[in-house]
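J.: okay, sequence plus prediction incoming.
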Amino acid sequence: MEIKDRTIALLIDSDNVSHNYFSILLDELSQYGKVTYRRLYGDFTRPEANGWKSALLDYSIEQIQQIAFTKGKNCTDSKMIIDAMDILYKHNVDCFCLATSDSDFTNLAMRFRNDNIVVIGAGEEKTPQSFRRACDIFIAIDELLKAKTEPSPAPVPEGKAQKGQAKPKPQKPSLRNVKKLIVAAKQIIEDGADPDGWMHFSAFMNEIWRRENDFNPTLYGFESSRPIPFFKSLKSKGKPVFLLDRLSNIDKIRLA
């Protein structure tokens, strides 16, 4: 299943997701399609919800107020689930992004997948594995924020660079082991490539996400979250590991 050019409904649980993550989340979703529904759920009479005020205006987010009728009960989850099912039955989206760190949405994610709807989860490191694994893709928003805001290493001083060579561009610190990823990616291509050695890039990425559904190039120190330029950039002993090309209007990948 190709996960791009989707029509996405973004539903945010403000009880579990900070406003600080929203711009990162929207940027990530842009590579999968167009976000049509942008809904934020919570009790906005609480002082801790005030941080969302500017984001509501800046990004045209629809605010869904939900007051807890009983103390200690989370009504936000119930309202978000009801709205999600209403949107599902309107048949005008083919992808849901559930922004939450709450395992209570695991069954909802599974329900969508049963209807062949793409499910993207977004949450912090504390998000339970049950919800992570129920999603086709999981966006680790706190890890991404850390990777994007962590300062890059200092560039090589001019005197240290070899004469006639441009100074290398500093990369962000890598939060994950790229060597393990390369081994896994090679195996995927060896197992799934056509006789000519090429593999559809969408099928390749589906296998990457099946093994590591929170995969994101930014977590490997790459400046962009786009996977095609990332895999193009990977090198071993100074030589490219993979070749990527657009053949017959289809993106493909092969071992170099």
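T.: Sure thing, it's come through.

J.: tell me the SS of I81?
T.: State at I81, reduced to three classes by DSSP: H, G, I helix; E, B strand; the rest coil: helix.

J.: scratch that, G121 is what I was asking about
T.: Per three-state DSSP, G121 ends up strand.

J.: before we move on, what about the one 5 residues further on?
T.: The three-state assignment at K126 reads coil, by three-state DSSP.

J.: any idea how far the nearest residue to it once chain neighbours are set aside is from S14?
T.: Nearest-residue entry for K126: S101, 5.5 Å, with adjacent residues in sequence omitted and distances by Cβ to Cβ, 6 or more residues apart in numbering. (C-beta placed from N, C-alpha, C; glycine too.) If you measure S101 against S14 using Cβ to Cβ, to the nearest Å, the figure is 12 Å.

J.: over to L244?
T.: Using Cβ to Cβ, L244 is found at 39 Å from S14.

J.: more crowded one of these two?
T.: The residue with more neighbours, out of L244 and S14, is S14; 24 against 19, by other Cβ atoms under 10 Å.

J.: look up phi and psi at the closest residue to L255 other than its chain neighbours.
T.: Spatial nearest neighbour of L255, excluding adjacent residues (Cβ to Cβ, 6+ apart): I189 at 5.6 Å. Phi and psi for I189, reported as degrees, to the nearest 10, are phi -70, psi -40.

J.: I189: how many residues sit nearby?
T.: Counted with other Cβ under 10 Å, the neighbours of I189 add up to 17.

J.: go on, I141?
T.: Neighbour tally, I141, other Cβ under 10 Å: 24.

J.: wait, it sits on Y21?
T.: Yes. In this structure, I141 is within contact of Y21 by Cβ atoms under 8 Å, at 4.2 Å.

J.: all strands in the stretch 1-150 of the chain, in order from the N-terminus.
T.: Listed in chain order, the strands of the stretch 1-150 of the chain (DSSP state E, counting those that start in this stretch) span 6-13, 33-42, 62-65, 95-99, 118-123, 137-140.

J.: coming back round to it: ok, the residue nearest to K126 - contacts?
T.: Counting by Cβ atoms under 8 Å, 6 or more residues apart in numbering, S101 touches D13, N16, V17, G123, E124, K126, T127.

J.: what about 7 Å?
T.: N16, G123, E124, K126, T127 (Cβ atoms under 7 Å, 6 or more residues apart in numbering).

J.: if you rank those by neighbours, which is first?
T.: Greatest neighbour count in the contacts of S101, by other Cβ under 10 Å, goes to G123: 27 neighbours.

J.: surely that one meets S103?
T.: No. With contacts counted by Cβ atoms under 7 Å, G123 stays clear of S103, the gap being 9.8 Å.
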